[in-house]
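Colleague: Here's a sequence, model it:
(one chain, ligands or ions: 2)
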Amino acid sequence: MNTTSAPATRYHGLWVAAHWLTGILIGISLYGGMAVLRHIDNLDPEKATMIRAHAIGGFVILVLLLLRLAMRATTRKPPPADTGSGAQKLARRVVHVGLYLVAIAMVSTGVGTLAAAGAFPAVFEGTGALPASFWDYPPRQGHMFFSRVLLLLVAVHVGAALWHQFVRRDGLLRRMWFGPR
Ligand code: HEM
Ligand code: HEM
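Modeller: Numbers count the residues shown, from 1 in each chain. Ligands and ions are numbered 1, 2, ... in the order given. This next block holds a predicted model:
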């Protein structure tokens, strides 16, 4: 059984799997929301089905995030990737905590949008109609705002990972991959 005391050379395999699956699902949700959902009229008969798929993806993301938080508390993890810079240490913390908080805010405002619009039956039971527009409900504005913050955080996070891997060459990516720890 792992303890939280001794550092590991890699994250736990289940944590790694959850990290990459969250990454893929967040990518699909951001693209699906911005490039597809947003542009489809609520009168389109396919819209409710699309929102259902988008919402289920969001619930899976939430479960994976909670799993990662549980693993953070119960498994050994590598020591922070220290570059000796206080500013980078702070940036890492802000971005990692921010990714969790903003992803959770996305799920909350998504649920809030459907709840405020009374659209759960239309989306999950196929009864009733969608509202003319979700923009009439305040959580929709929050969903849009947090999606852009999430996009920014993901861009900074991916940029930092690539910088570590290819400029600093400290092999950071292998910590978030499968193998002996
Ligand atoms: C292609 C995209 C991604 C790459 C290349 C990437 C890369 C990495 C790497 C290398 C680490 C380990 C950092 C370390 O050891 O200090 C890490 C950790 C982390 N990543 Fe990503 N990541 C990606 C996508 C995402 C996304 C979309 C999220 C959003 C939730 C995310 C959230 C995190 C968090 C919070 C950590 C800290 C460890 C944890 O709590 O799980 N990553 N990432
Ligand atoms: C991390 C999870 C999620 C992400 C990344 C995400 C992302 C997005 C994005 C980027 C948009 C378009 C925003 C815009 O450009 O205006 C959107 C729209 C939407 N999302 Fe999500 N979403 C997530 C979870 C959810 C959940 C759990 C629900 C419902 C339970 C939901 C319901 C909606 C709805 C109703 C819309 C509006 C569609 C419209 O206005 O036509 N989302 N989402």
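Colleague: Quick one: residues contacting residue 43.
Modeller: Residues near residue 43 by CB atoms under 8 Å, 6 or more residues apart in numbering: residue 130. Yep, even glycine has a C-beta here, placed from its N, CA and C like the rest.
Colleague: What pLDDT does the model give it?
Modeller: On pLDDT, residue 43 comes in at 97.
Colleague: try residue 5
Modeller: The model's pLDDT for residue 5 equals 61.
Colleague: Name the SS class of residue 82, please.
Modeller: coil (DSSP: H, G, I helix; E, B strand; the rest coil).
Colleague: Just read off the phi/psi values of it.
Modeller: According to degrees, to the nearest 10, the main-chain angles of residue 82 amount to phi -90, psi 120.
Colleague: Name the nearest residue to it, sequence neighbours excluded.
Modeller: Spatial nearest neighbour of residue 82, chain neighbours left out: residue 89 (7.2 Å); criterion: CB to CB, 6 or more residues apart in numbering.
Colleague: do the same with residue 112
Modeller: If the residues on either side of it in the chain are set aside, residue 112 comes closest to residue 139, at 3.2 Å by CB to CB, 6+ apart.
Colleague: number of nearby residues for that neighbour?
Modeller: Neighbour count of residue 139, defined by other CB atoms under 10 Å: 18.
Colleague: List the contacts of it.
Modeller: Residue 139 touches 108, 109, 110, 112, 113, 115, 116, counting by CB under 8 Å, 6+ apart.
Colleague: Buried members of these into PyMOL, please.
Modeller: In PyMOL, this line selects whichever of the contacts of residue 139 come out buried by 16 or more other CB atoms under 10 Å:
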select buried, resi 108+109+110+112+113+116
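Colleague: quick one: average pLDDT of the helix or strand hosting residue 161?
Modeller: Assessed by DSSP states H and E, residue 161 sits inside helix 138-162. The pLDDT scores in helix 138-162 average 98.
Colleague: Good, wrapping up.
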